[in-house]
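In: Here is my input; please provide its structure:
(2 chains)
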Amino acid sequence: MSTHTNIARCFIVPPYLLDHIAKLDDPRLEHASHAAQRALASAPPYATVRRGEPAPGQKSMRSTPEAPRREAVAGEPSRFISDAGGSENLPGRLVRSEGESPTADDSVNEAYDGLGDTYSLFWEAFTRDSIDDNGMPLAATVHYGEAYDNAFWDGTQMVFGDGDGQVFVGFTNSLSVIGHELAHGVTQYTANLVYSGQSGALNESVSDVFGALVEQHSRGHSADEASWLIGEGIFSAEVEGQALRSMKAPGTAYDDDVLGKDPQPADMSGYIETDDDNGGVHLNSGIPNRAFYLTATAIGGNAWESAGRIWYETLTTEIKANTDFAQFAEATATVAARLFGDDSSEADAVRSAWREVGVTSPAE
Amino acid sequence: MKVTVTRSGGFAGLSTRWEVRVDEQPDEDAWLSLLRDLPWDAERRQAPQPDRYTYRIRCEPVPAARPEPREAVIGEQSLTGGWRELVDRVRSLDPSPERATPSRRDRGTSSTF
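Out: Down below sits the predicted model:
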């Protein structure tokens, strides 16, 4: 896959951040400071804050003897939370860096903790060292915009609005939302699924899958104990709804006088062809979301250990940017057979899940 | 003449529609001037960013001499200058927007796989 050139182009850490980090003299942040100084000194396009300087196509320098000494230990995140103060200027003012104490601002602390929980899932379950698997700093901005009802990934960092207070009460309240945004970064660095139509719905679904897994992993919930909800806690009390999406039962997350009813389809018979929302990427994601839920609950236990492993391997090794639902289904089945055996209950669970949501036909 | 702004996408995937009747505005000329100067036919190639909004801005009919409605689809990150001004104006004049599920594309049978 030729994603490395794209990565080099899109993933430059903003100079303001490098500059700030480079000037830190807190001994706890020495590693980050050194990394930033090196990045500032190095020439584009590899002026990213990376631990070691892997050549394109090379995953990591961790075992290379002549690599520069790692300033930080793999397995530890480097988080940087900024405050946009209600403006739309990114990244805003840096308010909490890795290792610093909590601030008086709940949104800042929720983002900091949520990024830590997300890092932990990827490291502990998949041995992935941050978004780029090379210790990339995790940057997030809170208090973006005025009554801004959204959270997004801009290609370099996560951004969270406060909500309007009537329908949405802030987007850092939900760990699954934070995990979802960071997972967009992981997808960008791996399969780089095109954000339109079916590949876009897969991009969305993968973010929901890992967002849900971050929450489950952090709470110690098995597949049976999990809520399988995305965005629990971001609606105000006025809204008739539990969350934004349900992976278990797409289309049932909310039914409200103002918002209407959750429009997600639960299987291919409800697939929505639309020009809105980049071809319905937040709508049709319900179909692969439910396939993941069905797989995870059929296998049982902790979803990140089995179904999550299959989806992670699929995303990082098996698919291309323009993969559609049917190709993704086939890829997960291939990976499940490779990891657990063709006759395994895991592989059966995967195949059965895609049949149940109508992506593959009963005859297959 | 009316201007419709439909915002879709975003993390929530909720669609919201604001609408303004331009011919009912006291500053109709200013509206017409703003609408006329917008680059409706400009090519917009910016790649979508995950979870950002998409704006569909529709004006029908404008200008008066032109029978066809004009429409532009713009990603949130490209909504700047006159486009941003137009969207902000429309939103400020329609305090109770319509929440809508995204419009389905009309294409007969839905063959998706």
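In: Name the nearest residue to the residue in chain B that chain A sits nearest to, sequence neighbours excluded.
Out: Chain A sits closest to B:Gly13 of chain B, with a gap of 2.7 Å, by CB to the nearest CB. Where C-beta positions appear, they are placed from N, C-alpha and C, glycine not excepted. Nearest residue to B:Gly13 in three dimensions, chain neighbours excluded: A:His282, at 2.7 Å (CB to CB, 6 or more residues apart in numbering or on different chains).
In: Next, the contact list for B:Gln77, please.
Out: By CB atoms under 8 Å, 6 or more residues apart in numbering or on different chains, the residues touching B:Gln77 are A:154, B:46, B:49, B:52.
In: Show me which of these are buried.
Out: A:154, B:49, B:52 (16 or more other CB atoms under 10 Å in any protein chain shown).
In: Tell me the pLDDT of the last one.
Out: This means B:Arg52. For B:Arg52, the model assigns a pLDDT of 96.
In: Widest-spaced pair of the contacts of B:Gln77?
Out: Maximum pairwise distance among the contacts of B:Gln77 (CB to CB): 11.8 Å, between A:Asp154 and B:Gln46.
In: The chain: helices as residue ranges?
Out: Because you didn't say which chain, this covers chain A. A:3-10, A:15-23, A:30-41, A:106-126, A:175-189, A:197-219, A:277-280, A:286-299, A:307-313, A:325-340, A:345-356 (DSSP state H).
In: oops, I was thinking of chain B
Out: According to DSSP H, the helices that chain B contains are B:28-37, B:81-93.
In: Out of the helices and strands in the chain, which is least certain?
Out: By default, I'm working from chain A. helix A:3-10 (a mean of 34; mean pLDDT, DSSP states H and E).
In: on that earlier part again, tell me which of the helices of chain A lies nearest to B:Arg7.
Out: Here helix A:277-280 is closest among the helices of chain A (CB to CB), at 9.8 Å.
In: Just the CA trace of the closest one, in CSV.
Out: Presented in CSV, the C-alpha positions along helix A:277-280 are these (Å, rounded to 0.1, in the frame of the first residue of the first chain):
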residue,chain,number,x,y,z
ASP,A,277,-23.3,13.1,4.3
ASN,A,278,-20.6,12.0,1.7
GLY,A,279,-23.0,9.3,0.5
GLY,A,280,-24.5,8.4,3.9
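In: residues making contact with it?
Out: With CB under 8 Å, 6+ apart, helix A:277-280 has contacts from A:195-197, A:200-201, A:272-274, A:283, B:8-9, B:13, B:15, B:48, B:54, B:102.
In: and the residues you listed, which of them are in strands?
Out: Secondary structure from DSSP state E places B:8-9, B:15, B:54 of these in strands.
In: sorry, back to before: tabulate the helices of chain A (CSV), appending mean neighbour count.
Out: CSV is the format used below for the helices of chain A (neighbours: other CB atoms under 10 Å in any protein chain shown):
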stretch, mean neighbour count
helix A:3-10, 15
helix A:15-23, 17
helix A:30-41, 19
helix A:106-126, 21
helix A:175-189, 27
helix A:197-219, 26
helix A:277-280, 26
helix A:286-299, 26
helix A:307-313, 24
helix A:325-340, 21
helix A:345-356, 20
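In: what's the closest of these to B:Asp37?
Out: Among those, the nearest to B:Asp37 by CB to CB is helix A:277-280 (27.7 Å).
In: What is the neighbour count of B:Thr54?
Out: Using other CB atoms under 10 Å in any protein chain shown, the number of residues around B:Thr54 comes to 23.
In: how about stretch B:17-35 as CSV, C-alpha atoms only?
Out: C-alpha atoms of stretch B:17-35 as CSV (Å, rounded to 0.1, in the frame of the first residue of the first chain):
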residue,chain,number,x,y,z
ARG,B,17,-32.3,22.5,6.9
TRP,B,18,-32.5,26.3,7.1
GLU,B,19,-34.5,28.4,4.7
VAL,B,20,-34.9,32.1,3.9
ARG,B,21,-37.3,33.8,1.5
VAL,B,22,-35.0,36.4,-0.1
ASP,B,23,-37.8,38.4,-1.6
GLU,B,24,-39.3,39.0,1.9
GLN,B,25,-36.1,40.5,3.2
PRO,B,26,-35.8,44.3,3.8
ASP,B,27,-32.3,44.2,2.3
GLU,B,28,-33.2,42.1,-0.7
ASP,B,29,-30.7,43.9,-2.9
ALA,B,30,-27.8,43.0,-0.6
TRP,B,31,-28.9,39.4,-0.7
LEU,B,32,-29.1,39.3,-4.5
SER,B,33,-25.7,40.9,-4.7
LEU,B,34,-24.2,38.4,-2.3
LEU,B,35,-25.8,35.5,-4.2
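In: Buried residues, it. List them.
Out: B:17-18, B:20, B:22, B:31-32, B:34-35.
In: likewise stretch A:78-93?
Out: Neighbour-count burial for stretch A:78-93 [16+ other CB under 10 Å]: A:78-84, A:90-92.
In: List the contacts of B:Ala30.
Out: Applying CB under 8 Å, 6+ apart, no residues qualify as near B:Ala30.
In: so what's it scoring on pLDDT?
Out: 94.
In: State the distance spanning the first to the last residue of stretch A:162-170.
Out: One end of stretch A:162-170 to the other measures 4 Å (CA to CA, to the nearest Å).
In: count of neighbours near the residue of chain B closest to chain A?
Out: Residues contacting B:Gly13 under the criterion other CB under 10 Å number 25.
In: Now do the contacts for the closest residue to chain B within chain A.
Out: Closest to chain B within chain A is A:His282: 2.7 Å, counting by CB to the nearest CB. Contact analysis of A:His282 by CB under 8 Å, 6+ apart lists A:204, B:9-13.
In: Would you convert those into TSV that also reports pLDDT and distance to A:Phe168?
Out: Shown next, in TSV, are those (pLDDT from 0 to 100; distance: CB to CB, whole Å):
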residue	pLDDT	distance to A:Phe168
A:Glu204	98	18
B:Gly9	93	15
B:Gly10	95	10
B:Phe11	95	9
B:Ala12	93	8
B:Gly13	91	13
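In: Pick the one among the residues you listed closest to A:Ser306.
Out: A:Glu204 (22.2 Å).
In: Find me the pLDDT at the residue nearest to A:Ala349 when sequence neighbours are not counted, would you?
Out: Nearest residue to A:Ala349 in three dimensions, chain neighbours excluded: A:Ala298, at 3.8 Å (CB to CB, 6+ apart). Among the per-residue scores, A:Ala298 holds a pLDDT of 98.
In: gap between A:Phe325 and A:Gly358?
Out: Separation of A:Phe325 from A:Gly358 (CB to CB, to the nearest Å): 9 Å.
In: joint contacts of these two?
Out: Here A:Phe325 and A:Gly358 have A:268, A:287 as joint contacts, going by CB under 8 Å, 6+ apart.
In: what's the neighbour count on B:Gly81?
Out: By the measure other CB under 10 Å, the count of residues near B:Gly81 is 11.
In: Next one: A:Asp224 from A:Gly155, what distance?
Out: 37 Å.
In: Revised request: answer the last question for A:Pro288.
Out: 23 Å.
In: hang on, the earlier thing: for the helices of chain B, which has the smallest mean pLDDT value?
Out: The lowest average pLDDT among the helices of chain B, as it happens, falls on helix B:28-37, at a mean of 92.
In: re the thing from before, how about CSV for the contacts of B:Gln77, with distance to A:Arg309 added?
Out: Below are these laid out as CSV (distance: CB to CB, whole Å):
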residue, distance to A:Arg309
A:Asp154, 29
B:Gln46, 35
B:Gln49, 28
B:Arg52, 30
